[in-house]
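Engineer: have a look at this prediction, sequence included:
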Amino acid sequence: MKIRISLIGLFFLLAVLPSKASEPDYMALMAHDSEIKAIATVSKVRQMRGNRDGTFTRVSFKRVYAVTPYTPKVFIGACKILNYAWQKRSKDIIYIKPKVGQKVYVTVSSNGGAITSFTRLTPELDYAVRKEPFRVEYTHGKAVILPPIE
């Protein structure tokens, strides 16, 4: 009887460990499914309201290069920013700090929806987005470039 209970306990422990080891990156999944993927310039940052977990902000972008079809010339995305000492970081939210004039690679769920990734544009990322978009991957609210396939 003790062996059965021990084996059942071991079975449940082994079943739970792999699921905890690799929790899915939901922001990466959302970035992949975003309707808007573009190189853009931040044209306006408007803070809407502040809460304990950050300030809700609407960011206007001016498209420079569209990866996805039907990306508008000007589009809006929403995000959270930490502005004040009394605001506390939540582990489930990705915070960004957009600045007017900043050139970025951004993904937005839909026009007016959530910003799912926001990455400052580098020459390497610019090349990858324009010439090899299959090498662009997302993790925790940022775009990364995968190594080239040989």
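Structural biologist: All right, it came through fine.
Engineer: what's the burial count for Lys97?
Structural biologist: Neighbour count for Lys97, taken as other Cβ atoms under 10 Å: 12. Where you see a C-beta, it was placed from the backbone N, CA and C, and this is true even at glycine.
Engineer: just the element for it, please.
Structural biologist: Under DSSP states H and E, no helix or strand contains Lys97.
Engineer: output the contacting helices and strands for the strand ranked longest in the chain.
Structural biologist: Longest strand in the chain by number of residues (criterion: DSSP state E): strand 36-51. Under the contact definition 3 or more Cβ pairs under 8 Å, 6 or more residues apart in numbering; DSSP states H and E, strand 36-51 sits against strand 54-66, strand 74-81, strand 103-108, helix 123-131.
Engineer: pLDDT weak spots in this protein?
Structural biologist: Low-confidence segments of the chain (pLDDT under 70): 1-24.
Engineer: go again using 90 as the cut-off
Structural biologist: Applying pLDDT under 90 to the chain flags residues 1-32, 48-51, 53, 83-94, 140-141, 147-150.
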